[in-house]
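Student: Provided below are the primary sequence and the corresponding predicted coordinates.
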Amino acid sequence: MRVIREREQGRIVAMAIRITGRENRKVLVSFPSTQAQKDSRPLCFPLSTPLFPPLFMEKPRIAAKEPEVLTLEQGTYYWCQCGRSRDQPFCDGAHQGTGIEPVEFTVDETKEVALCMCKQTKTPPYCDGTHQTL
């Protein structure tokens, strides 16, 4: 079990708990902040997103500081999120062991897209212009 505490003015206001094992469950415990809420019990709810990244997670590598503009046909694609693929901007499996996974995305009809190559986008796999600040 791993515990992370968030403190505010020396008082614990939230605590994240990861219970490892077969279930690998994650729970967030939020402590009430107002006096009325303090009379009630802490709020506990499961988290559906990863709470703790793997200890060995590496940072993505910048493949280029400009997007790759491509015309993609209808289908499912896997965008390289780690920056290590030799088949940029698509995944070739080079992410193995990095803790970073490719992003699956679907194109419904043939269209032109700008795929992020700096790997810093907030809208993966599409470029959002973040490369201009690097």
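Tutor: Nice, I can see it. It should be emphasised that the depicted structure is a prediction, and the values quoted were computed from it without experimental measurement.
Student: nearest spatial neighbour of Lys119, skipping sequence neighbours?
Tutor: In space, and not counting its chain neighbours, Lys119 is closest to Pro60: 3.7 Å by C-beta to C-beta, 6 or more residues apart in numbering. Where you see a C-beta, it was placed from the backbone N, CA and C, and this is true even at glycine.
Student: that neighbour against Cys82, yeah?
Tutor: Yes: between Pro60 and Cys82 there is a contact under C-beta atoms under 8 Å: 5.4 Å.
Student: find residues that contact each of the two.
Tutor: 100, 119 (C-beta atoms under 8 Å, 6 or more residues apart in numbering).
Student: the more surrounded of the two?
Tutor: Neighbour totals were compared for Pro60 and Cys82, and Cys82 leads with 22 against 17 (other C-beta atoms under 10 Å).
Student: need phi/psi at the more buried one.
Tutor: Its backbone dihedrals place Cys82 at phi -90, psi -20, with angles given as degrees, to the nearest 10.
Student: returning to what we had before: residues contacting the residue nearest to Lys119?
Tutor: Pro60 makes contacts with 81-83, 100, 119-120, as judged by C-beta under 8 Å, 6+ apart.
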